[in-house]
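**Q** here is my input, please return the structure:
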Amino acid sequence: KKVHKKKEGDEEGDEDEDEEEDDVPAKTARSARVVETTEVTAEMIKGWQKTLLRGESNAVLKEAVAAFRSAVHFGDDSKDAQQYSYTFTSGHTYNLLMQFCLAHMDEILRRHVAGGAEAASKVKKTKTGVERPDQGPHWGRTQPLIKSYLQQLLHFLSKLTDASMTLVLLRQLHRCLPFFYCFPKVCPKLLKAVLTTWSAGLGQSCTLLAFAIIRDLGVQLPYPFVEHCLKGLYLSFATACRFTNRKTLPHVVLMSSCVVDMCGVDVQATYQHAFVYIRQLAIHLRNAIQQQTEAAYRQVYNWQYVNCLRVWAQVLCAHAQNPAAPLRQLLYPLVQVTLGVARLVPNIRFAALRFQCARIVNQLAAKLDTYAPVAPLLLDVFTFAELQKSPAGDKTEKPTDWAVLVKVSKTDTTKRLYQAGMASHAFFLLAEHLHSFAHSIAFPEMAVPTILALRSVVKGSKVVAFQKQAKRLLAQIELHSTWVARKRDGSELSPRDVKAGAELFADERERGSSPFSKWFAQELLNFEREEARRQEEGTAGAIEADRVDDDDDDDDDDDDRRTKSAAKKGAAKAGTKAGAKASDPEGKKGKKKKQAKAAPKSLPSSEEVPDEVGDFDLDDWS
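**A** Residues are numbered from 1 along each chain as shown. Next up is the predicted model:
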């Protein structure tokens with residue numbers, strides 16, 4: 001292999017500049033350099049494997065890393081292709097090299113740094129059990145090769161879109177983390193690349209493995225790198241959750257769980273970020289209240305805003321159960337913002353968003369053992385003017401999927417199934433709210449406003465189904481109030497015995513043996529079964545839709561091939577003019593055919609159409 005030397009007038013960079021990433025544009029002098037290339041063959045790769053898997057050879061390792069670098073940049077800009085010393089003419093050879101490097105290179109690098117397999121097993125480790133490759137005897141000699149290999153991994157990750165290949169690369173990155181820790185300047189680039197993969201929705205395995213890398217970076221690297229991990233995770237989550245449907249819902253839930261877990265690594269740093277971002281949510285709500293314009297409302301009434309509220313509620317539920325926890329101080333502002341969002345536009349079209357907010361507050365109240373006034377929020381839905389009119393539609397309509405809905409059209413608000421589903425969902429969330437303080441000695445008194453409001457619904461509603469559901473819930477509330485009052489009267493508690501009063505129903509709360517708990521447990525089970533069924537149907541529908549889209553793409557390719565073939569035959573028979581006309585892919589017939597293919601077989605319902613709402617500006621958050 002021959003390499004043309006640089007001219008004497010070329011500038012020599014310092015050591016740091018020589019180790020910069022390959023994705024940075026090279027200097028003019030360096031880009032002008034031409035390298036003689038060598039074709040990689042299967043025999044060459046097998047020779048590298050035989051040598052590197054059995055022993056240590058710096059010369060062979062250098063060749064393998066250079067070949068991997070050329071493979072990673074294969075297909076890049078032709079101007080940069082002249083810088084790489086290896087080329088590939090066979091896909092089999094390319095795959096063989098990639099499989100070898102991504103499966104064995106981390107172990108090969110460990111042995112070369114330590115000076116053998118036996119020495120690699122005795123490498124020094126930190127107090128947390130992490131390897132220290134930079135303490136190896138041959139670190140100085142192999143450091144440039146290791147850094148080059150790590151940078152090529154990151155460049156390769158930025159080019160991948162296939163889930164299976166991305167998973168293989170993430171596994172190699174995870175095994176190479178001890179080497180990344182030795183290059184602090186490369187770790188931010190690793191974090192950025194892995195965050196993109198984490199939020200890309202390539203599957204549960206890729207998401208979890210990417211998060212494992214991010215979490216290890218936050219735990220092992222010194223402060224304040226954990227803040228970069230927290231900020232990157234949350235902003236990536238906020239960007240990826242702009243649209244929520246049955247297909248994307250599992251990925252959104254998984255990402256929120258990752259954010260919650262990362263927030264537990266450093267609670268003090270989490271408090272600082274949570275304070276800033278909850279305040280940002282409050283500012284958007286304040287602007288919507290003051291401006292009262294459609295654009296301002298859209299900054300709040302969208303899935304991105306709701307999912308951000310929910311993820312911070314989950315963070316508090318997980319890490320603020322102790323009254324002395326720092327995050328506990330954010331409970332009141334978060335509840336106030338959530339209730340303010342629910343009341344912003346008191347319209348039946350946004351009843352679904354109101355239910356989303358009510359569910360968030362209910363979870364906070366149940367987990368943190370606090371009280372929040374959710375009942376008025378839910379009982380207001382029965383005062384909507386649309387409920388006083390005769391509903392439209394029939395029972396053959398598709399039921400409303402409330403879990404992935406924030407608003408509907410005006411037409412949907414008059415449908416029978418929408419109104420029935422709204423009432424059922426409101427009664428369930430009201431029962432969930434009552435269950436959060438069902439074991440309080442003050443339950444009979446706290447439930448009085450709700451009892452009076454339900455009686456008004458029974459008397460004022462013209463829908464028999466609403467009356468039956470209200471009477472059913474009302475009977476359970478009165479039964480539980482009587483049970484609490486009877487047990488409270490049988491004890492010798494005084495109003496000053498706050499601690500004893502809180503522990504009066506501790507056993508019933510733990511066993512779930514109170515009357516209201518038994519009844520709500522069955523209601524919750526039915527709700528979860530219905531939710532699981534809808535999620536299964538939604539996932540199956542998404543898979544079927546993807547399959548149909550793939551079939552349509554294949555059909556379009558076949559049509560293009562037939563069109564080109566017919567054009568060639570027509571040109572041969574009718575002459576150049578007729579052939580050119582037949583080969584026109586944008587002709588009238590082609591347009592009609594494409595329009596016919598683009599037309600859906602049936603119009604989707606409103607809940608299947610993504611909400612046309614705006615997103616708040618993430619630039620203010622950075």
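**Q** pLDDT below threshold where in this structure?
**A** Residue ranges of the chain with pLDDT under 70: 1-35, 77-83, 394-396, 541-622.
**Q** and the strands in it?
**A** 38-39, 86-87 (DSSP state E).
**Q** the last one pairs with which strands, parallel or anti?
**A** Looking at strand 86-87 with DSSP bridges, its partner strands are strand 38-39 (parallel).
**Q** picking up where we left off before, with mean neighbour count and distance to Val253 as extra columns, can I get the strands of the chain in TSV?
**A** From N, CA and C alone the C-beta is placed, and that goes for glycine too. Converted to TSV, these look like this (neighbours: other Cβ atoms under 10 Å; distance: least, Cβ to Cβ, whole Å):
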stretch	mean neighbour count	distance to Val253
strand 38-39	14	49
strand 86-87	18	44
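**Q** the closest residue to Tyr181 other than its chain neighbours and Leu474: what is the separation?
**A** Leaving aside its sequence neighbours, Tyr181 sits nearest to Gln220 (Cβ to Cβ, 6 or more residues apart in numbering; 6.0 Å). Going from Gln220 to Leu474 by Cβ to Cβ, to the nearest Å gives 57 Å.
**Q** any chance of the strands of the chain in a markdown table with distance to Leu167 as columns?
**A** Formatted as a markdown table, the strands of the chain follow (distance: least, Cβ to Cβ, whole Å):
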| stretch | distance to Leu167 |
| --- | --- |
| strand 38-39 | 30 |
| strand 86-87 | 26 |
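**Q** so which of the ones you listed comes closest to Arg328?
**A** strand 86-87 (58.6 Å; Cβ to Cβ).
**Q** residue contacts, Asp216?
**A** 174, 177 (Cβ atoms under 8 Å, 6 or more residues apart in numbering).
**Q** look up how far Leu177 lies from the residue nearest to Tyr181.
**A** Gln220 is 8 Å from Leu177, where distance means Cβ to Cβ.
**Q** where do the contact lists of the two overlap?
**A** Shared contacts of Gln220 and Leu177 (Cβ under 8 Å, 6+ apart): Val130.
**Q** let me see the backbone angles for the nearest residue to Ala163 once chain neighbours are set aside.
**A** Spatially, and ignoring its direct neighbours in sequence, Ala163 is nearest to Leu202 (4.2 Å; Cβ to Cβ, 6+ apart). The phi/psi pair for Leu202 (degrees, to the nearest 10) reads phi -90, psi 10.
**Q** ok, now which ones touch Leu202?
**A** 163, 166-167.
**Q** most neighbours out of the residues you listed, which is it?
**A** Counting neighbours by other Cβ atoms under 10 Å, the top entry in the contacts of Leu202 is Thr166, with 21 neighbours.
**Q** OK, contacts around that residue?
**A** 157, 160, 197, 202, 206.
**Q** can we see that at 10 Å?
**A** 156-157, 160, 197, 200, 202-203, 205-206, 209-210 (Cβ atoms under 10 Å, 6 or more residues apart in numbering).
**Q** which of the residues you listed sits closest to Glu531?
**A** Using Cβ to Cβ, the contacts of Thr166 come closest to Glu531 at Gly203, 21.9 Å.
**Q** just give me the neighbour total for the closest one.
**A** Neighbour count for Gly203, taken as other Cβ under 10 Å: 15.
**Q** ok, the closest residue in space to it that isn't next to it in sequence to Cys206 distance?
**A** Distances taken as Cβ to Cβ, 6+ apart put Ala163 closest to Gly203, at 4.8 Å, once the chain neighbours are dropped. For Ala163, the distance to Cys206 (Cβ to Cβ) stands at 6 Å.
**Q** next, show the common contact partners of those two.
**A** With Cβ under 10 Å, 6+ apart, Ala163 and Cys206 have common neighbours 197, 200.
**Q** what's near enough to touch Gln388?
**A** With Cβ under 10 Å, 6+ apart, Gln388 has these contacts: 460-463.
**Q** now those residues: which count as buried?
**A** For the contacts of Gln388, a burial check counting by 16 or more other Cβ atoms under 10 Å picks out 461, 463.
**Q** between the contacts of Gln388, which sits nearest His112?
**A** Distances from His112 to those, taken by Cβ to Cβ, are shortest for Val463, at 76.4 Å.
**Q** what sits against that closest one?
**A** Residues counted as contacts of Val463 (Cβ under 10 Å, 6+ apart) are 382, 387-388, 390-391, 416, 419-420, 423, 457, 469.
**Q** out of those residues, who's the most crowded?
**A** Most neighbours among the contacts of Val463, by other Cβ under 10 Å: Gln419, with 26 neighbours.
**Q** give me the distance between that one and Asn526.
**A** 20 Å.
**Q** between the contacts of Gln388, which is closest to Ser57?
**A** Val463 (81.8 Å).
**Q** for the closest one, what are phi and psi?
**A** phi -100, psi 120.
**Q** how many residues are close by the nearest residue to Val457 once chain neighbours are set aside?
**A** In this structure, Val457 finds its nearest non-sequential neighbour in Ala470, 4.6 Å apart by Cβ to Cβ, 6+ apart. Around Ala470 there are 24 other residues, counting by other Cβ under 10 Å.
**Q** check Ile348 too.
**A** By other Cβ under 10 Å, neighbour count at Ile348 equals 22.
**Q** which residue, other than its chain neighbours, is closest to it?
**A** Per Cβ to Cβ, 6+ apart, closest to Ile348 is Phe384, 4.3 Å.
**Q** which ones are touching that neighbour?
**A** Here Phe384 is in contact with 346-349, 351, 413, 419, 422 (Cβ under 10 Å, 6+ apart).
**Q** ok, it to Tyr223 distance?
**A** 52 Å.
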